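J.: Structural data only, the sequence is not supplied:
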């Protein structure tokens, strides 16, 4: 009697277990079917969309993916040794990964641009605040601020100085010699970007409708593309290395290419601009000029804070331009102290001494 009861209980337990397993298999098959539907949607989207990049997947596909993620999060079909559910640690890891993917929602470009809307007057001030930087670079070169006072003092006691490489100009008496290439690279970088930024802010930014029409306009794309072009020249200005310039050229060329893709990605573009800035400031730190490096990043921090937070509304972008104008003088200082600039600095110092003697 006892054996019969035990046998009955065993059979009932096996039957219940079989039913539970069949339910799990059916749930697994429904998940697989849902994933196959998503796969078909993705294939259709990729075929019909001219941009094959995954960024171009429409909201229908993304919503379907989110649905599958929700299903997988609720019923993760992972086969363990004795059960269909994973160990608690694995469940926590899976849930964390899915939550991380869902944490940052795609940026709404229209909403992003609407929040940064400015009046025509504010946009024109944005344009005007781009003028001081290239003018200061010209002043820095023509007035001879790049010539080291220490080197001039060093050559004051030299009796014979070769003046074959000196420049004599009535218009620019302080431009006594040709400046180093690294110093010129700063002027070229700032002068390349400024006209495109001025054009966008002065003519188009307030005339175009807010949102995508403004974000995708060629003038805004060129403004951002020229930031990356400037970064290439600035990487040489702080390193004096043609190899380092080439590496930055490859990275920034890819950034420029992405600026002209059909779909605008403001968050990605801002991250890439930030990386290009890091790339041209790192050589300063690498040479051990910690104080100069920190001063550069103090300027960049406050400029970036105004650009990102917009603390004074529509005037924040003008303030951003004003603060960032303090960066080129620091980069020129870094360019003047490069080992590759020393030969030019010595010639300029000697020519400056001869110029003082002539007076």
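T.: That came in fine, so what should we check first? Fair warning: this is a prediction, and the values are worked out from it, not measured in the lab.
J.: My guess is residue 136 contacts residue 326. True?
T.: No. Contact criterion CB atoms under 8 Å: residue 136 and residue 326 do not qualify, at 9.5 Å. Just so you know, the C-beta spots here come from the backbone N, C-alpha and C atoms, and that holds for glycine as well.
J.: and residue 166, what are its phi and psi?
T.: Main-chain torsions, residue 166, degrees, to the nearest 10: phi -80, psi 150.
J.: Number of residues surrounding the closest residue to it other than its chain neighbours?
T.: Computed as CB to CB, 6 or more residues apart in numbering, the closest residue to residue 166 that is not its neighbour in sequence is residue 351, at 3.8 Å. The number of residues packed near residue 351 is 26, by other CB atoms under 10 Å.
J.: With residue 213 instead?
T.: By other CB under 10 Å, 12 other residues sit near residue 213.
J.: in what helix or strand does it lie?
T.: Element membership of residue 213 [criterion: DSSP states H and E] is helix 212-215.
J.: do the same with residue 270
T.: Short version: residue 270 belongs to helix 266-286, going by DSSP H and E.
J.: next helix or strand past that helix?
T.: That would be, after helix 266-286 and using DSSP H and E, helix 290-309.
J.: low-confidence ranges in the stretch 51-200 of the chain?
T.: Residue ranges of the stretch 51-200 of the chain with pLDDT under 70: 51-116.
J.: ranges for the helices of it?
T.: 59-74, 88-103, 109-114, 120-128, 132-142, 149-154, 181-199 (DSSP state H, counting those that start in this stretch).
J.: wait, doesn't residue 317 sit right on residue 127?
T.: No. Using CB under 8 Å, residue 317 is not in contact with residue 127, being 10.3 Å away.
J.: of those two, who's got more company?
T.: Using other CB under 10 Å as the criterion, residue 317 and residue 127 rank with residue 317 on top: 22 against 19.
J.: Spell out which helix or strand contains that one, please.
T.: Secondary structure assignment for residue 317, by DSSP H and E: helix 316-324.
J.: got the contact list for the nearest residue to residue 175 once chain neighbours are set aside?
T.: Distances taken as CB to CB, 6+ apart put residue 142 closest to residue 175, at 5.1 Å, once the chain neighbours are dropped. With contact taken as CB atoms under 8 Å, 6 or more residues apart in numbering, residue 142 is in contact with 172, 174, 175.
J.: How about the contacts made by the last one?
T.: Yep, that's residue 175 we're talking about. Neighbouring residues of residue 175 by CB under 8 Å, 6+ apart: 141, 142, 143, 144, 167, 169.
J.: Only whichever of these are buried, select them in ChimeraX.
T.: Those of the contacts of residue 175 that count as buried under 16 or more other CB atoms under 10 Å are selected in ChimeraX with:
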select :141,144
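J.: Show me which of the contacts of residue 175 is closest to residue 197.
T.: Of all these, residue 197 sits closest to residue 141, with 21.1 Å by CB to CB.
J.: That closest one and residue 336, how far apart?
T.: Distance of residue 141 to residue 336, given as CB to CB, to the nearest Å: 11 Å.
J.: Pull up the overlap in contacts between the two.
T.: Residues within reach of residue 141 and of residue 336 at once, by CB under 8 Å, 6+ apart, are residue 183.
J.: returning to what we had before: buried set for the helix holding residue 213?
T.: Within helix 212-215, the residues that count as buried by 16+ other CB under 10 Å are 214, 215.
J.: Kindly report the same for stretch 308-324.
T.: Buried residues in stretch 308-324 (16+ other CB under 10 Å): 310, 314, 315, 316, 317, 318, 319, 320, 321, 323, 324.
J.: Could you export those to TSV, including columns for distance to residue 156 and pLDDT?
T.: As requested, these are exported to TSV (distance: CB to CB, whole Å; pLDDT from 0 to 100):
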residue	distance to residue 156	pLDDT
310	52	91
314	53	90
315	49	94
316	48	95
317	47	95
318	45	96
319	44	96
320	43	96
321	41	96
323	38	96
324	38	96
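J.: Over to the residue lying closest to residue 339 once chain neighbours are set aside: give its phi and psi.
T.: Sequence neighbours aside, residue 240 is the residue nearest to residue 339 in space, at 6.7 Å (criterion: CB to CB, 6+ apart). Dihedral pair for residue 240: phi 70, psi 20, per degrees, to the nearest 10.
J.: Provide a list of residues in contact with residue 240.
T.: Applying CB under 8 Å, 6+ apart to residue 240 gives the contacts 182, 335, 338, 339, 340, 341.
J.: Please repeat the previous calculation with a cut-off of 6 Å.
T.: Neighbour list for residue 240: 182, 338, 340 [criterion: CB atoms under 6 Å, 6 or more residues apart in numbering].
J.: averaged over its residues, what pLDDT does stretch 295-303 have?
T.: Across stretch 295-303, pLDDT averages out at 97.
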